[in-house]
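In: Give me the fold of what follows.
(one chain, ligands or ions: 2)
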Amino acid sequence: MAKVAVLGAGSWGTALSIVLADNGHDVRLWTHRKEQAEAINSTHKNEKYLEIMIPEKINAYDDLARAIQGVSAIVLVVPTKAIRDVCARLDTILEEKITLIHASKGIEPESLKRVSEMIAEEMEKYAYEDIVVLSGPSHAEEVGKRQPTTVTVSSLNEKNAKITQDLFINEFFRVYTSPDVIGVELGGALKNIIALGAGISDGLGYGDNAKAALITRGLAEIARLGTSLGANPLTFLGLPGVGDLIVTCTSVHSRNWRAGNLLGKGNKLDQVLDQMGMVVEGVRTTRAAHQFAAKQEIEMPITNGIYKILFEEAKPKDVVDQLMNRTKREEMDDLAVLLSNRYA
Ligand SMILES: NC(=O)C1=CN([C@@H]2O[C@H](COP(=O)(O)OP(=O)(O)OC[C@H]3O[C@@H](n4cnc5c(N)ncnc54)[C@H](O)[C@@H]3O)[C@@H](O)[C@H]2O)C=CC1
Ligand SMILES: O=C(CO)COP(=O)(O)O
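Out: Numbers count the residues shown, from 1 in each chain. Ligands and ions are numbered 1, 2, ... in the order given. Presented below is the predicted three-dimensional model:
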């Protein structure tokens, strides 16, 4: 059995720690807040984040050096905004190169880097090829209750992907591998934008038809941008694409859906983020994707509409009206563009 450090004690870090502990591993859960580490160790709960008892053998730490001492794998699960900071600290204290996995879902605005690219930039010991991403339809609330869940792990280093699959796989947490790091990371990050949109649509009082349209046309946008950046279009039909879109756009567990729902009901972004108390990755990723679409010259009307609601105070109803009244087109034009990008 392995010794594993999970860095980031929010809902997802806690749920992944439970999977690892169930698999017999020695799990150290790191938080940057001392009082949270003390509360986890004394009550075996992580109250603000997950309503579930945490196995007593999971130990929480607030000292990063102690948390990673002697471990053979690290799982990074902090919000994308904190990735560079945590990796820079890790780089100064990590003595040897061990398996490095991340499970965060976002894209950095301005640099337009994916999480594995940010990690590689901050950590001298690691090349981009070494890093593993874990993504897929997986709400922490259900994983914490050991409900059936499937995810995908991806790395250009096949051995590292298989080590990760073996660390996590069990009878309720099924782990697939994929060689398509770009597609797996972009699918997980970009679906959060569409989940905001699904929440907005529900908040406006629209129904299942509107949501199905958002999921399907959102998938077309994700696949267009992703393919232009080198992803395999088929990845977006799998767990990190369609799978994660379904789970995030249709569940009240989703932080992105919940934030969108409040926006659709007329709340302002600042008020919404204050109320959430948990990371809503889709907000920063919308900014990044908006910039990416312009850079890649890719049409992303839903993403751009959500950008206007978030950052330009556009009224959600007006944005829906604009989307519905775009010029006529053939549905599968997207697919033709996507495949010609891929095979040109
Ligand atoms: N919650 C879920 O069901 C899932 C979340 N994810 C992804 O996992 C990542 C983390 O999400 P959650 O656990 O939901 O977030 P969360 O909001 O529940 O928790 C975030 C944690 O990160 C900590 N943190 C914030 N800034 C930090 C910093 N500078 N240094 C160290 N720690 C810091 C916070 O104190 C908190 O404990 C996100 O990228 C999210 O998209 C992926 C799959 C499922
Ligand atoms: O990525 C997730 C589920 O796969 C979690 O999404 P939220 O951050 O919207 O809760």
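In: Tell me how many other residues crowd the residue of the stretch 1-150 of the chain found nearest ligand 1.
Out: Using C-beta to the nearest ligand atom, the single residue of the stretch 1-150 of the chain nearest to ligand 1 is Gly10, 1.7 Å away. C-betas here are computed from N, CA, C, even on glycine. If you count neighbours by other C-beta atoms under 10 Å, Gly10 ends up with 19.
In: So Lys45 is in contact with Ile54, correct?
Out: Yes - counting by C-beta atoms under 8 Å, Ile54 is a contact partner of Lys45 at 6.4 Å.
In: which one of those two has more residues nearby?
Out: With neighbours defined as other C-beta under 10 Å, Lys45 and Ile54 compare such that Ile54 has more, 23 against 15.
In: what sits against that one?
Out: Shown in contact with Ile54 (C-beta atoms under 8 Å, 6 or more residues apart in numbering): 14, 17-18, 40, 44-46.
In: Going through those, which ones are buried?
Out: When the contacts of Ile54 are checked for burial by 16 or more other C-beta atoms under 10 Å, the buried set is 14, 17-18, 40, 46.
In: how about those in JSON lines, adding pLDDT and distance to ligand 2?
Out: Putting the buried ones among the contacts of Ile54 into JSON lines (pLDDT from 0 to 100; distance: C-beta to the nearest ligand atom, whole Å) gives the following:
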{"residue": "Thr14", "pLDDT": "98", "distance to ligand 2": "13"}
{"residue": "Ser17", "pLDDT": "98", "distance to ligand 2": "16"}
{"residue": "Ile18", "pLDDT": "98", "distance to ligand 2": "16"}
{"residue": "Ile40", "pLDDT": "98", "distance to ligand 2": "21"}
{"residue": "Asn46", "pLDDT": "97", "distance to ligand 2": "16"}
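In: Could you work out the most separated pair of the residues you listed?
Out: Maximum pairwise distance in the buried ones among the contacts of Ile54, criterion C-beta to C-beta, is 12.0 Å, between Ile18 and Ile40.
In: Now for those two: what residues contact both?
Out: 54, 58.
In: for the strand or helix carrying Thr285, packing partners?
Out: For Thr285, the host element (DSSP states H and E) is helix 281-296. The elements that helix 281-296 packs onto, with contact taken as 3 or more C-beta pairs under 8 Å, 6 or more residues apart in numbering; DSSP states H and E, are helix 80-93, helix 181-204, helix 208-228, helix 255-264, helix 301-311.
In: between that helix and helix 208-228, how big is the angle?
Out: Counting by axes from the mean of the first three to the mean of the last three C-alpha atoms, to 10 degrees, helix 281-296 points 50 degrees away from the direction of helix 208-228.
In: Could you give the average pLDDT over helix 281-296?
Out: Helix 281-296 comes out with an average pLDDT of 97.
In: tell me the angle it makes with helix 255-264.
Out: Angle, helix 281-296 to helix 255-264, by the same axes, to 10 degrees: 90 degrees.
In: Name the residues of helix 281-296 that are buried.
Out: Quick answer for helix 281-296 (16+ other C-beta under 10 Å): 281-293, 296.
In: what's stretch 75-93 in contact with?
Out: 4-8, 10, 12-13, 16, 20, 64-65, 68, 74, 100-108, 115, 118-119, 121-125, 134, 189, 279, 281, 284-285.
In: what about the residue most central in space within the chain, which helix or strand?
Out: Centroid-nearest residue in the chain: Lys105, 2.2 Å away (criterion: C-alpha atoms, centre = their mean). Using DSSP H and E, Lys105 sits in no helix or strand.
In: Tell me the confidence at the closest residue to it other than its chain neighbours?
Out: Leaving aside its sequence neighbours, Lys105 sits nearest to Gly188 (C-beta to C-beta, 6 or more residues apart in numbering; 4.0 Å). pLDDT, Gly188: 98.
In: Gly188 touches His102, doesn't it?
Out: No - checked against C-beta under 8 Å, the pair Gly188 and His102 is beyond contact range at 10.3 Å.
In: Can you classify Ile101 by secondary structure?
Out: Following DSSP: H, G, I helix; E, B strand; the rest coil, the label given to Ile101 is strand.
In: Now do the same contact list for it.
Out: Residues near Ile101 by C-beta under 8 Å, 6+ apart: 73-76, 131-134, 153, 164, 167.
In: could those residues be laid out in TSV, adding neighbour count, distance to Asn325 and pLDDT?
Out: Listed next are these as TSV, based on neighbours: other C-beta atoms under 10 Å; distance: C-beta to C-beta, whole Å; pLDDT from 0 to 100:
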residue	neighbour count	distance to Asn325	pLDDT
Ala73	21	51	98
Ile74	20	49	98
Val75	29	45	98
Leu76	25	43	98
Ile131	27	43	98
Val132	27	44	98
Val133	27	38	99
Leu134	28	40	99
Val153	26	42	98
Thr164	24	46	98
Leu167	25	50	98
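In: and which of those is nearest to ligand 2?
Out: Of all those, ligand 2 sits closest to Leu134, with 10.5 Å by C-beta to the nearest ligand atom.
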